[in-house]
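Colleague: my questions concern the predicted model and sequence given below.
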Amino acid sequence: MNAEMNHAETPAAGAQVLLRALKEQGVEVIFGYPGGAVLPIYDALFQQNAIRHILVRHEQAAVHAAEGYARSTGKVGCVLVTSGPGATNAVTGLVDALMDSIPLVCLTGQVPTHLIGNDAFQEADTVGITRPATKHNYLVKRSEDLARVVHEAFYVARSGRPGPVVIDLPKDILIKPAPYVEPTREPHRSYRPQTEPDAGQIDKAVALIKNARRPILYTGGGIINAGPEASALLRELVAETGIPCTNTLMGLGSLPASDPHFLGMLGMHGTYEANMAMHGCDVMINIGARFDDRVTGRLDAFSPNSKKIHADIDASNINKVVTVDVPILGDAGKILRALLERIRSLNAQPDRAAITAWWRQIDSWREKRSLAFVQPDAPGSIIKPQHAVRRLFELTRQSGRETFITTEVGQHQMWAAQHFGFERPNHWMTSGGLGTMGYGLPAAMGVQVAKPDALVIDIAGEASILMNIQEMGTLAQYRLPVKVFILNNQYMGMVRQWQELLHGSRYSESYSEALPDFVKLAESFHGVGMRATSVDDLDRVILEMIKCDRAVIADIAVDQGENVYPMIPSGAAHNEMLLGPDKNRDNAEVTNAGMVLV
Amino acid sequence: MSDVTNGQRIATISVLVDNEAGVLARVIGLFSGRGYNIDSLTVAPVDADLSRSRITVVTRGTNAVIEQIKAQLGRLVPIHKVADLSADGPHVARELGLIKVIARGEQRVEALRIADAFRAKIVDTTIESFVFELTGASEKIDAFIDLMRPLGTTEISRSGVAAIARGTRTII
Ligand SMILES: Cc1ncc(C[n+]2csc(CCOP(=O)(O)OP(=O)(O)O)c2C)c(N)n1
Ligand SMILES: [Mg+2]
């Protein structure tokens, strides 16, 4: 109003400038935990209303929550932690986001610049520790760099292959006045990832597709990261060409599970038809996946007779594991659009008769029904974990509620991936690359913050859930009605399965001893506890859980001995799957080379 | 400089980076974290305003590994340009060595004779010692050191390789 209100010549404190830059970058929510080094930021947060702060109970959970927020919204997640232990606690979450390409900006407090290097109280070399844990990181040493670094960090986090970025903020920088600068039109001096695909490479790919007789689309998290339009384009491409499509764990939801062209997930616990089709295809079209070892099985036997097209935004993924014939560098959505347009304009759809014959072959593989299981229905029967997931899927679908699923890590995660049908992208959040137990509950929390009216369910194991169980307190504080659906087999089931198959059934330290009473545990955190001990209880518990408007832990007692099938044993090839405990066991012996693999 | 032993080659890679804190640590961390070799590494600012530095890394590996190294370097955020000098055409690669030889009598005379043959400069001398300065391809410095070692106590300091493309090609 008057000239004095214009603070152009008296710059605000660093903490205020930081918040202004965050606002400019579209931040609405921060997941964080306070401490001495970040008190100026908490003070600034206290004096404004634009940015909401969610107080977690452990810094690792703040990062996973921001991941859940980012994955369900497509926005950059934001985290705030203090120096030293606050930063080191966040490291697992950062690596998780790095491996799964999730865009985050994590603000860490730091001791004042003049004390850096002195082993000051709660000092840690955060940029040193997080260098290999982030896509990029910054230590802000000069006030005049602060606003620019924040803008740059958001650009780096969301551009190209997304990932986590740390900004380490010494306390004096937060207190001293700092100038504010707007984001510049050229967001970075050196980092300008290529998103537009090369037309020549598109033409080469289309030529391969046109002449393919047994093509397959193998698609991953890159399509999810490219936004919902990319998934819509994948659906169009599949409809246009009739090409069968399999998803990685990270790619689930990019093609609706109900689409008849969908072969299910591939890889170690993928379907028989997906893996056999990968093995037998003549043209493989990989879009936004990275030939992960969970997917390829034994490399020298991986899809031996196919020409391979690989579309990826990260040049270092191309020819890293599998040598390909047609690499295409760029954004998955742009590549899909270019492929589709070119196929249409050149009428380059693969031969109909060949595709029909290919589908006949695939249908014969489908007849194996590799995900089938038997749920005894006599009253009092023990619940099969697969059945629990199926019923959860069917009953949530019938409820008509928009449903988001997160998971912990283990057998339950694989059963969730196999038996819950994902119709849309961004509704499935699981720790794929790092496999972090303790991911699911905080991730669900982040999703629920972004989608307050949705049904958000963490499909959990009884061991994993204890790794971030303290977040039940956060759910209570913010009235976040997250549902924790525990497939309780009283074992670290995935560990037990490997011990059964590879270590002579010596169940070393994999029994979940001294478990808490999950019903009481939920209640002590102001939530609702439920339990199902036999198949008779299951539907009722699920329906009550869906109806409940508070946080719930549903403790579902499931068969302790159940294993995840089908399975490609370590070091085996796609066509050497174990279909079940007693079927074709001997044609898939685990080799010594396989034993060393994880 | 393209020794080929069991499918491996030596690559001289030039990397143009922002001259900012931590950038060298990123490059070194990438090599150690992913298990790549570093035979030598040099770095110094090269722009008039000191805004960018040039890193020269000599590494070895199969063609596939070298391609991975280049791609991995390329995804580091503060990196402007990655060039594989040994693959992209003729280039000049030079290293500087400072070699101290402590010797007396006949050994001392022999050291001088060899230095003369190599056109090494004497940059420091006492009655019992010389410091020679020698610039050239790494192999030349290797050969010089091999001849000096038997002559007395030796101490070596080498700069690592600096390299640049021949002709008009640049990486800027
Ligand atoms: C932080 C962490 N520690 C250890 C592991 C190794 N691990 C993978 S699955 C698993 C067992 C998980 O048990 P539970 O949560 O009960 O799931 P289940 O396999 O029984 O469904 C373990 C210990 C991991 N993935 N993450
Ligand atoms: Mg368990």
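Modeller: Now that the structure is in, tell me what you want to look at. From a predicted model like this one, the values you see are computed outputs, not experimental measurements. Residues are numbered from 1 along each chain as shown, chains lettered A, B, ... in the order given. Ligands and ions are numbered 1, 2, ... in the order given.

Colleague: pLDDT below threshold where in chain B?
Modeller: Applying pLDDT under 70 to chain B flags residues B:1-5.

Colleague: so the nearest residue to B:Ser138 once chain neighbours are set aside, which of the three states?
Modeller: Using Cβ to Cβ, 6 or more residues apart in numbering or on different chains and skipping residues adjacent in sequence, the residue nearest B:Ser138 is B:Glu95, 5.0 Å away. Every residue, glycine included, has its C-beta placed from N, CA and C. In three-state terms, and counting by DSSP: H, G, I helix; E, B strand; the rest coil, B:Glu95 is strand.

Colleague: cool, and A:Arg294?
Modeller: Three-state call for A:Arg294 (three-state DSSP): helix.

Colleague: in contact with it, which residues?
Modeller: The contact partners of A:Arg294, taken as Cβ atoms under 8 Å, 6 or more residues apart in numbering or on different chains, are A:Leu249, A:Gly267, A:Met268.

Colleague: of those, closest to A:Val283?
Modeller: Among the contacts of A:Arg294, A:Gly267 lies closest to A:Val283 (Cβ to Cβ), at 19.4 Å.

Colleague: can you count the residues close to the closest residue to the closest one other than its chain neighbours?
Modeller: The shortest distance from A:Gly267 to any non-neighbouring residue, by Cβ to Cβ, 6+ apart, is to A:Val295 (4.1 Å). Residues near A:Val295, counting by other Cβ atoms under 10 Å in any protein chain shown, number 27.

Colleague: okay, A:Val295: pLDDT?
Modeller: A:Val295 carries a pLDDT value of 93.

Colleague: cool, and A:Gln25?
Modeller: We have a pLDDT of 98 for A:Gln25.

Colleague: contacting residues around it?
Modeller: Contacts of A:Gln25 (Cβ under 8 Å, 6+ apart): A:Val76, A:Val105, A:Val150, A:His151, A:Phe154, A:Pro183.

Colleague: which SS class is the residue of the stretch 201-350 of chain A found nearest chain B?
Modeller: In the stretch 201-350 of chain A, the residue that lies nearest chain B is A:Ser316 (3.7 Å; Cβ to the nearest Cβ). Counting by three-state DSSP, the backbone at A:Ser316 sits in helix.

Colleague: so the residue lying closest to it once chain neighbours are set aside versus A:Ile102, what's the distance?
Modeller: Leaving aside its sequence neighbours, A:Ser316 sits nearest to B:Ala71 (Cβ to Cβ, 6+ apart; 3.7 Å). Between B:Ala71 and A:Ile102 the distance is 21 Å, computed by Cβ to Cβ, to the nearest Å.

Colleague: which of those two has more neighbours?
Modeller: Between B:Ala71 and A:Ile102, A:Ile102 has the larger neighbour count (other Cβ under 10 Å), namely 29 against 17.

Colleague: can you pull the contacts of the more buried one?
Modeller: Residues near A:Ile102 by Cβ under 8 Å, 6+ apart: A:Glu67, A:Ala70, A:Arg71, A:Gly77, A:Asp96, A:Pro162, A:Gly163, A:Pro164.

Colleague: distance of the fourth one from ligand 1?
Modeller: The spacing between A:Gly77 and ligand 1, counted by Cβ to the nearest ligand atom, to the nearest Å, is 20 Å.

Colleague: could you do the first one as well?
Modeller: Counting by Cβ to the nearest ligand atom, the gap between A:Glu67 and ligand 1 amounts to 15 Å.

Colleague: do the same with A:Glu402
Modeller: Taken as Cβ to the nearest ligand atom, the span from A:Glu402 to ligand 1 is 26 Å.

Colleague: ok, that residue touching A:Val456?
Modeller: No - judged on Cβ atoms under 8 Å, A:Glu402 makes no contact with A:Val456 at a distance of 9.4 Å.

Colleague: so between these two, which is more surrounded?
Modeller: A:Val456 (28 against 13).

Colleague: who are the contact partners of the more buried one?
Modeller: For A:Val456, the contacting residues are A:Thr403, A:Phe404, A:Thr406, A:Ala444, A:Val447, A:Gln448, A:Pro481, A:Val482, A:Lys483, by Cβ under 8 Å, 6+ apart.

Colleague: that one in helix, strand or coil?
Modeller: A:Val456 ends up strand, using three-state DSSP.

Colleague: highest neighbour count among the contacts of A:Gln25?
Modeller: Neighbour max across these (other Cβ under 10 Å) = A:Val150, 29 neighbours.

Colleague: what helix or strand is the closest residue to that residue other than its chain neighbours on?
Modeller: Counting by Cβ to Cβ, 6+ apart, A:Val150 lies nearest to A:Ala21, which is 3.8 Å off, once chain neighbours are set aside. If you go by DSSP states H and E, A:Ala21 is part of helix A:14-24.

Colleague: following that helix, which helix or strand shows up next?
Modeller: Downstream of helix A:14-24, the first helix or strand assigned by DSSP H and E is strand A:29-32.

Colleague: what's next to the strand or helix carrying B:Ile55, contact-wise?
Modeller: Element membership for B:Ile55 (DSSP H and E) is strand B:52-62. Here strand B:52-62 makes contact (Cβ under 8 Å, 6+ apart) with B:7-19, B:23-24, B:27, B:31, B:36-46, B:66, B:69, B:80, B:93, B:138, B:160-163.

Colleague: try it again at 6 Å.
Modeller: B:7-8, B:10-17, B:19, B:27, B:36-37, B:39-43, B:45-46, B:161-163 (Cβ atoms under 6 Å, 6 or more residues apart in numbering or on different chains).

Colleague: that strand pairs with which strands?
Modeller: The strands beside strand B:52-62 in its sheet (DSSP bridges) come out as strand B:8-18 (antiparallel), strand B:40-45 (antiparallel).

Colleague: with only the CA atoms kept, save that strand in CSV.
Modeller: Backbone C-alpha positions of strand B:52-62 (Å, rounded to 0.1, in the frame of the first residue of the first chain) are rendered in CSV as follows:
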residue,chain,number,x,y,z
ARG,B,52,33.5,-24.3,-15.5
SER,B,53,36.2,-26.9,-14.9
ARG,B,54,37.5,-29.7,-17.1
ILE,B,55,38.0,-33.1,-15.7
THR,B,56,40.1,-35.6,-17.6
VAL,B,57,39.7,-39.2,-16.6
VAL,B,58,41.7,-42.1,-17.9
THR,B,59,39.8,-45.3,-17.4
ARG,B,60,39.6,-48.8,-18.8
GLY,B,61,36.9,-51.3,-19.6
THR,B,62,35.1,-53.1,-22.3
